[in-house]
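K.L.:
predicted structure and sequence below. I'll ask about it afterward.
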Amino acid sequence: MKKILFAAVLAVVVAALAACGSSGNSGKETDEKLIRFGATAGPYSDMLSKAIIPGLEEKGYEVKVTEFSDYVQPNKSLDSDAIDANLFQHIIYLENFSKENNMDLKDLIVVPTAPMGIFSDKYDTVEEIEDGSTITIPNDPVNAARTLLTLADLGLIEIDGDVDPIKASEKDVTVNHKNLVFQPIEAGQLPRSIDGADLAAVPGNFAIAAGLDLMDALALEDMPDQFRNVVAVKAENADAQFAKDIIEVVESAEFEKVIDEEFKGFGKPEWMK
């Protein structure tokens, strides 16, 4: 009987150890009802707390949020399993970062995103913009392309039709109807530049962080979905139950209601239209 009892106990211990060993290779290593979310401080951390987390809690999840102050650590933390999902970046950045850092990260769903705004203390409408006006624009390639697309949509410039619009630069401007003078500067400095320039193209997250109201802009960007932010996870977790539940919450009527009430001016992705 002692031998039988010892064998039974040993079998239970071995099974437990085997289960622990296998869980370490299954992607999400935390409790199935705990989701660790990462986001940059500001509107997307607010979107989590106001529009996404309540829906996940209704599904029985506990959600912990880590706020980041840069655009590097959220993906590193996701890749290392320190967090399970993040919300702060668009698909172009996600794909480039994953490739450059040999990570296998995946976008789950596109969410409403704060658009770039054309702000001015000098003009009240786009029609008032005078010939030769100065406009401060972001000095990084992606946001610069967004600016040029917005100006083209407003009829202020024309871009070479042979160029991929999301990769457009100043050299691709073929017609400058108002002879706008472009002044590239760091994106974080753009809100301050409104005082000194005739116009300023300010990405939505920087505008909100500076206390600007998106609805006060002369015009807001009609951004392609490639520039809208996404919820991202490790590719191996893209079909996990918690990922499916995140998608279900974001696609819910309750989520859209909060967006309409709390995030005015945020551009909705194609799937919401």
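P.N.:
Received the coordinates, thanks. Numbering: from 1, shown residues only.

K.L.:
hey, let's count contacts and neighbours off CA atoms from now on
P.N.:
Noted.

K.L.:
where does the stretch 1-150 of the chain have low pLDDT?
P.N.:
Low-confidence segments of the stretch 1-150 of the chain, defined by pLDDT under 70: 1-30.

K.L.:
and if we set it to 50?
P.N.:
Judged by pLDDT under 50, the stretch 1-150 of the chain has its weakly predicted residues at 1-2, 4-6, 8-26.

K.L.:
so which residue is dead centre in this protein?
P.N.:
With distances taken as C-alpha atoms, centre = their mean, the residue of the chain nearest its centroid is residue 229 (2.6 Å).

K.L.:
got the contact list for that one?
P.N.:
Going by C-alpha atoms under 8 Å, 6 or more residues apart in numbering, residue 229 touches 87-91, 110-113.

K.L.:
ok, it to residue 87 distance?
P.N.:
Counting by C-alpha to C-alpha, to the nearest Å, the gap from residue 229 to residue 87 is 7 Å.

K.L.:
cool, residue 97 as well?
P.N.:
According to C-alpha to C-alpha, residue 97 stands 14 Å off from residue 87.

K.L.:
more crowded one of these two?
P.N.:
residue 87 (23 against 18; other C-alpha atoms under 10 Å).

K.L.:
in three-state terms, label residue 64 for me.
P.N.:
Counting by DSSP: H, G, I helix; E, B strand; the rest coil, the backbone at residue 64 sits in strand.

K.L.:
skipping its backbone neighbours, what lies nearest it in space?
P.N.:
Using C-alpha to C-alpha, 6 or more residues apart in numbering and skipping the chain neighbours, the partner closest in space to residue 64 is residue 36 (4.8 Å).

K.L.:
isn't the one you found right up against residue 84?
P.N.:
Yes: with contacts counted by C-alpha atoms under 8 Å, residue 36 reaches residue 84, the gap being 5.2 Å.

K.L.:
okay, these two: which has more neighbours?
P.N.:
Counted by other C-alpha under 10 Å, residue 36 and residue 84 do not tie: residue 84 has more neighbours, with 25 against 18.

K.L.:
which elements pack onto the strand or helix carrying residue 244?
P.N.:
Per DSSP states H and E: residue 244 is located in helix 241-250. Under the contact criterion of 3 or more C-alpha pairs under 8 Å, 6 or more residues apart in numbering; DSSP states H and E, helix 241-250 touches helix 53-58, strand 105-110.

K.L.:
name the stretch among these that sits most buried.
P.N.:
Each of the helices and strands packed on helix 241-250 was assessed for mean neighbour count using mean count of other C-alpha atoms under 10 Å. The highest is strand 105-110, with a mean of 21.

K.L.:
partners of it, with directions?
P.N.:
Strand 105-110 has its sheet partners listed here by DSSP bridges as strand 229-234 (antiparallel).

K.L.:
now the partner strand and helix 241-250, what's the angle there?
P.N.:
With axes from the mean of the first three to the mean of the last three C-alpha atoms, to 10 degrees applied, the angle from strand 229-234 to helix 241-250 works out at 170 degrees.

K.L.:
residue 39 should be in a strand, yeah?
P.N.:
Yes: according to three-state DSSP, residue 39 belongs to a strand.

K.L.:
beta partners of it?
P.N.:
Judged by DSSP bridges, the bridge partners of residue 39 are residue 67, residue 87.

K.L.:
before we move on, the earlier item: ok, the residue nearest to the centre of the chain to residue 110 distance?
P.N.:
Where residue 110 is concerned, residue 229 sits at a distance of 6 Å (C-alpha to C-alpha).

K.L.:
right, I'll leave it there.
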